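Engineer: Need coordinates for the below:
(one chain, ligands or ions: 1)
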Amino acid sequence: MALADDFDGFLVDLDGVVWIGREPVPGAAETLRALIDAGKEIVFVTNNPGRPPATYAERLRGAGIPVAEDRVVTAGVVTARLAAENVGAGTDAFVIGAPGLKQTATEAGLELLDGEAGREAGVVLVSGHREFDYEELLTATLALQHGAALFATSRDPTLPMPGGPWPGTGAVLAAVETASGAHAEIGGKPERHLFDQARALIGDAERVAMVGDRIASDIDGARRAGLTTILVLTGASSREQAEVADPPPDHVVDDLPGLLR
Ligand SMILES: [Mg+2]
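Structural biologist: This is a model prediction of the structure:
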């Protein structure tokens with residue numbers, strides 16, 4: 001009997017599970033198709049806020065996985081909504097992040113300030129992106145010194161990439177928190193917000209597991225959210241790390257196809 005038979009639904013992480021950078025994990029697409037064909041409920045959950053859910057859904061469909069946009073939950077969407085709920089729609093915001101996160105923040109009702117104007121923002125949103133620079137750090141720091149609220153998509157230190165991990169949101173956030181003395185509220189994994197939104201999409205399926213590659217976010221967060229946890233070894237965390245984790249993941253498989261073995 002395959003491990004997947006024990007579950008009616010899965011929350012599935014993307015980076016390090018379905019793909020690594022732009023490279024697909026071998027067998028991942030076929031596995032997801034087989035699970036969907038078998039009637040399993042699947043929601044994709046990612047701490048990567050670089051793109052809106054529609055773009056990730058399109059990329060998944062391009063890999064042959066039939067998935068609707070509303071079955072992808074990103075830390076960007078969750079964090080932007082969380083921030084807007086806390087500070088109120090219409091609040092001026094300074095966003096450190098990719099264009100996708102800025103778009104998401106606007107859709108959540110925040111008013112984006114660019115450049116030096118950002119020093120007056122009432123809320124600062126942070127996620128890792130490749131154009132992060134000192135000016136952004138300075139703007140965010142001054143806004144936070146003036147009392148802005150701080151939200152970030154995660155504390156993931158790195159992002160799995162084909163040639164080795166790249167600096168992630170946690171690295172950028174550390175700079176912002178160090179300079180400002182502020183402490184961010186996190187919208188993405190391992191906090192509950194993202195798991196709760198994703199879990200609600202699965203409806204009344206009772207046996208639900210989280211499949212992820214990073215113990216500190218996917219596994220620890222899912223356990224606290226009441227889900228069974230399955231670690232795959234194609235991304236951030238190793239079998240050795242799983243063995244010393246306390247408590248360890250409920251299941252460890254080499255890769256996504258391991259769910260069907
Ligand atoms: Mg991951």
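Engineer: Please work out which residue of this structure is closest to the ion.
Structural biologist: Using CB to the ion, the closest approach of the chain to the ion is made by Gly16 at 3.7 Å. Quick note: C-beta positions are derived from backbone N, CA and C, even for glycine.
Engineer: Which positions in this structure make contact with the ion?
Structural biologist: The chain has residues 13, 15-16, 213 near the ion, with proximity defined as CB under 5 Å from the ion.
Engineer: Strands along the stretch 51-200 of the chain, start to end?
Structural biologist: Per DSSP state E, counting those that start in this stretch, the stretch 51-200 of the chain carries strands over the ranges 72-74, 92-96, 111-112, 123-126, 149-152, 158-159, 166-167, 185-186.
Engineer: Could you count how many residues lie near the residue of the chain closest to the ion?
Structural biologist: Close neighbours of Gly16, defined as other CB atoms under 10 Å, add up to 26.
Engineer: just the helices in the stretch 151-261 of the chain please.
Structural biologist: Counting by DSSP state H, counting those that start in this stretch, the stretch 151-261 of the chain has these helices, from start to end: 169-180, 192-202, 220-224, 239-244.
Engineer: For Ala127, list the residues it contacts.
Structural biologist: That one is not Ala; residue 127 is Ser. Residues in contact with Ser127 (CB atoms under 8 Å, 6 or more residues apart in numbering) are 49-50, 75-76, 79, 96-98, 101, 152-154, 169, 172.
Engineer: Buried deepest among the strands of the stretch 51-200 of the chain, which one?
Structural biologist: strand 123-126 (a mean of 28; mean count of other CB atoms under 10 Å).
Engineer: hey, least reliable of the strands of the stretch 51-200 of the chain by pLDDT?
Structural biologist: Mean pLDDT is lowest for strand 158-159 among the strands of the stretch 51-200 of the chain, at a mean of 91.
Engineer: Please list the residues outside that strand that contact it.
Structural biologist: Strand 158-159 is contacted from outside by 15, 48, 128, 165-168, 170-171, 236, using CB under 8 Å, 6+ apart.
Engineer: Stretch 198-211 now?
Structural biologist: By CB under 8 Å, 6+ apart, the residues outside stretch 198-211 that reach it are 6-13, 17, 41, 43, 45, 70-71, 73, 195, 218-219, 221-222, 225, 227-230, 232, 250-251, 256, 259.
Engineer: Roughly how far does the closest residue to Thr106 other than its chain neighbours sit from Ala148?
Structural biologist: Nearest non-adjacent residue to Thr106, counting by CB to CB, 6 or more residues apart in numbering: Leu112, 6.0 Å away. As judged by CB to CB, to the nearest Å, Leu112 and Ala148 stand 13 Å apart.
Engineer: now Leu233
Structural biologist: Counting by CB to CB, the gap from Leu233 to Ala148 is 40 Å.
Engineer: Overlap in contacts, Leu112 and Ala148.
Structural biologist: Overlap of the contact sets of Leu112 and Ala148 (by CB under 8 Å, 6+ apart) consists of Phe94.
Engineer: From Arg119, how far off is the residue of the chain closest to the ion?
Structural biologist: As defined by CB to CB, Gly16 lies at a distance of 36 Å from Arg119.
Engineer: Many thanks, we can stop here.
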